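Visitor: dropping a prediction and its sequence here:
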Amino acid sequence: MKILIVYGTMEGQTTKIAHFMEELLQKENHKVVLANASKNPPTPDSFDAILIGSSIHLNTYNPSIRGYIKNNVEVLNKKITGFFSVSMAIISDLPEKQHEIDQIAKKFLIDSSWNAVEIWHIAGALKFTKYDYLKKITMRSIAKKEDGPIDINKDYEYTNWTKVKNQVSQFSNHLKINSNGQT
């Protein structure tokens with residue numbers, strides 16, 4: 001099947017996740033097009049399935065992703081689609097933090113009128129080496145409250161690659177079942 005992956009990123013972890021998904025889907029013999037939402041991505045019309053992902057910053061998703069969905073929502077709602085939400089809050093031990101992230105994603109989808117078939121929450125990374133000084137201090141303060149790392153001279157990756165692999169594999173299997181006309 002022909003699959004489009006569109007992503008919005010700030011520091012690059014969502015890009016890394018999208019590339020990982022692309023590789024997995026290609027191994028499953030899908031034709032995959034990967035596109036950064038801020039660089040004139042293709043419309044979803046000619047694709048069988050679409051995965052769209054964005055990181056969350058200050059409780060909001062990437063503006064280019066919001067724009068892409070808004071401009072293509074009618075087509076997206078006729079296709080098999082999935083949304084991957086990348087955040088640090090999803091690794092919190094506090095259930096209310098995880099619930100908050102889930103609610104942000106659900107509200108985003110409702111507000112955009114997009115009926116994504118799949119919603120995945122994926123842990124991101126703390127990319128201290130890519131932050132400006134103010135963001136380093138802010139992110140260190142947040143990490144400290146969560147008993148996380150506080151060395152602003154290092155990066156910390158929290159993405160569970162096995163979980164991502166399993167989610168993508170399930171999505172691929174769902175596509176194969178649908179292409180065979182089964183339910």
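Guide: Yes, it's here.
Visitor: who's in contact with Ile90?
Guide: Listed by Cβ atoms under 8 Å, 6 or more residues apart in numbering, the contact set of Ile90 reads 97-98, 101, 121-123. The C-beta positions use only the backbone N, C-alpha and C, and glycine is treated the same way.
Visitor: only alpha carbons, please: show the lowest-mean-pLDDT helix or strand in the chain as PDB.
Guide: Ranked by mean pLDDT, DSSP states H and E, the weakest helix or strand in the chain is helix 133-145, scoring a mean of 77. C-alpha atoms of helix 133-145 as PDB (Å, rounded to 0.1, in the frame of the first residue of the first chain):
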ATOM      1  CA  TYR A 133      19.600  29.100  27.300                       C
ATOM      2  CA  LEU A 134      16.100  30.100  28.500                       C
ATOM      3  CA  LYS A 135      14.600  26.900  27.200                       C
ATOM      4  CA  LYS A 136      17.400  24.800  28.800                       C
ATOM      5  CA  ILE A 137      16.600  26.300  32.200                       C
ATOM      6  CA  THR A 138      12.900  25.900  31.800                       C
ATOM      7  CA  MET A 139      13.200  22.300  30.700                       C
ATOM      8  CA  ARG A 140      15.600  21.500  33.500                       C
ATOM      9  CA  SER A 141      13.200  22.900  36.000                       C
ATOM     10  CA  ILE A 142      10.400  20.800  34.600                       C
ATOM     11  CA  ALA A 143      12.600  17.700  34.500                       C
ATOM     12  CA  LYS A 144      13.700  18.300  38.100                       C
ATOM     13  CA  LYS A 145      10.000  18.400  39.300                       C
END
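Visitor: re earlier: quick check: the farthest pair among the contacts of Ile90?
Guide: The span of these, defined through Cβ to Cβ, is set by Lys97 and Ile122 at 15.0 Å.
Visitor: quick one: which of the two has more around it?
Guide: The neighbour comparison of Lys97 against Ile122 (other Cβ atoms under 10 Å) goes to Ile122, with 23 against 16.
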